[in-house]
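Asks: following is a predicted model, sequence given first.
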Amino acid sequence: MKKQNILNEKLTDSQISLHYLGQEGFIIHSGEKFIAVDPYLSDYVDQNCCQYVEWKRLYPAPIDASDLDFLDAVLCTHTHYDHCDPWTLTKIASVNPSTKFIIPAPEVDTVASYGIDKERIIPAYADNDIVIDCFRITPIPSAHEVFHTDSEGNYRELGYIINCASTRIFHAGDMCMYDGLVERLKDIDVSILPINGRDYFRNANDIIGNFDSVEAVTLAKIIKSDLLIPVHHDLYDVNKVSSAFFVDSVMTVNRTQKYHIFVPGERYIYMK
């Protein structure tokens, strides 16, 4: 993945491009604007999260965070380090003083503690739209197995519905099914959903779970999502799942579902 290739791509008014950063990270390009969601471009987890199990990246970051000086905004779904990485975020902040950081409201102080000016951080509240140039972003609650809120009831984990170029993208962050989720997801064109699942043994090692492949494919079917993108299954051996099982789930649950399994650094151009 090269910075110049991202900047030089030409899109029509009805196209968007998605650049995969690994884990759940994407750069989304629409018009002349760029946002990133959950960019994790270091080995911070490997260096700082080895209390119970060994974390070791299975592939390097496809681009250096210091090359992302063109981002208009960075969205983080929650503050687990593979989604809200201090080393990645501070690098991006240092190379572009105009980049905004959209963070679940209860976690603003956490991100500010990384050294990012609070004036650059936009607190995200469920169901309150945020507009960044051509992007209209609607945060929704995320159940990372269960809901986690602060004392005022604000959600610590969010998913984002991103509207741009007449396209509705749903980036779930880390999420499990909950009552009312389907009703929130109207007219979604592109669903980006975690598929690594959850189980007793990972929970025992403080690895909180997500949708599994069957649940992700079923949700995409119910909401009639045009394209399904599976994520959160390829970066860490202790928390991965075979993409072959995902494909089998598509063939079993909804064989007409369009999907794309990304290679890190890959670009995908989408048009309705």
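Replies: Yep, it's here. Not measured: the values here are computed from a predicted model.
Asks: who are the contact partners of residue 227?
Replies: Contact analysis of residue 227 by Cβ atoms under 8 Å, 6 or more residues apart in numbering lists 189-191, 258-260, 270. In short, each C-beta sits where N, CA and C put it, glycine included.
Asks: which one of those is nearest residue 106?
Replies: residue 191 (25.5 Å; Cβ to Cβ).
Asks: partner strands of the one helix or strand that closest one maps to, parallel or antiparallel?
Replies: Taking DSSP states H and E as the criterion, residue 191 maps to strand 190-194. According to DSSP bridges, strand 190-194 forms sheet pairs with strand 167-171 (parallel), strand 227-231 (parallel).
Asks: save these as JSON lines, and put in distance to residue 148 and mean pLDDT too.
Replies: Listed next are the strands paired with strand 190-194 as JSON lines, based on distance: least, Cβ to Cβ, whole Å; pLDDT from 0 to 100:
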{"stretch": "strand 167-171", "distance to residue 148": "18", "mean pLDDT": "98"}
{"stretch": "strand 227-231", "distance to residue 148": "21", "mean pLDDT": "98"}
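Asks: sec struct for residue 128, please.
Replies: What DSSP: H, G, I helix; E, B strand; the rest coil gives for residue 128 is coil.
Asks: helix/strand/coil for the residue nearest to it when sequence neighbours are not counted?
Replies: Excluding the flanking residues, the one nearest residue 128 by Cβ to Cβ, 6 or more residues apart in numbering is residue 139, at 6.8 Å. Recorded secondary structure, residue 139: strand (three-state DSSP).
Asks: which ones are touching residue 139?
Replies: For residue 139, the contact set (Cβ under 8 Å, 6+ apart) comprises 104, 124-128, 130, 155, 158-161.
Asks: of those, which is the most crowded?
Replies: Per-residue neighbour counts (other Cβ atoms under 10 Å) across those peak at residue 104, which has 30 neighbours.
Asks: just checking, it touches residue 78?
Replies: Yes - using Cβ atoms under 8 Å, residue 104 makes contact with residue 78 at a distance of 6.2 Å.
Asks: where does residue 50 land on pLDDT?
Replies: According to the prediction, residue 50 has pLDDT 71.
Asks: run the chain-centre distance for the helix or strand of the chain with the lowest mean pLDDT.
Replies: Least confident helix or strand of the chain, by mean pLDDT, DSSP states H and E, is helix 200-204 with a mean of 75. Helix 200-204 has its average C-alpha position 23 Å from the chain's average C-alpha position, going by Cα atoms, centre = their mean, to the nearest Å.
Asks: tell me what angle the helix or strand just after that helix forms with strand 190-194.
Replies: Of the helices and strands lying after helix 200-204 in sequence (DSSP H and E), the nearest is helix 213-222. On the basis of axes from the mean of the first three to the mean of the last three Cα atoms, to 10 degrees, helix 213-222 is oriented at 160 degrees to strand 190-194.
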